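1. Fold the following for me, if possible:
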Amino acid sequence: QVQLVESGGGLVQAGGSLRLSCAASGRAFGTATMDWFRQAPGKEREFVAALTWSGSSTYYADSVKGRFTISRDNTKNTVYLQMTSLKPEDTAVYYCAATYDRRWSNPETMNYWGKGTLVTVSS
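-> Prediction:
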């Protein structure tokens, strides 16, 4: 069993930055692909970014490419999402997830989820 706890959300002005953290506890998550998803009010949960267990491959949604960076520190069992140039449309609850499936952008294939952290970007 893996427990994921997100932190770092908050209120930021458009153009600002935030760094989200996801701390994993329980079974080592070293071989899992780690993901970030987000869900805005009234919308479906959508893929944001993913990082393979080795850290050698990263994937991003087109909407965040060039602005967000996903990284992980396996020694701390923590994955990060650095968000820059934030826009009001980035407002959402951000969820950390872990998967052992190769379909890393599909929320239905996630094995574990955190409870989310709210990011609000004001215009």
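2. Please name the bridge partners of the most centrally placed residue in the chain.
-> Of all residues in the chain, the one closest to the mean position by C-alpha atoms, centre = their mean is residue 36, 2.2 Å from it. Taking DSSP bridges as the rule, residue 36 bridges to residue 49, residue 96.
3. OK, contacts around it?
-> Going by C-beta atoms under 8 Å, 6 or more residues apart in numbering, residue 36 touches 20, 22, 48, 49, 50, 70, 79, 81, 94, 95, 96, 97. For the C-beta atoms, the positions are set from N, CA and C on the backbone; glycine is no exception.
4. again, only this time at 7 Å
-> 48, 49, 70, 81, 94, 95, 96 (C-beta atoms under 7 Å, 6 or more residues apart in numbering).
5. cool, residue 65 as well?
-> Per C-beta under 7 Å, 6+ apart, neighbours of residue 65: none.
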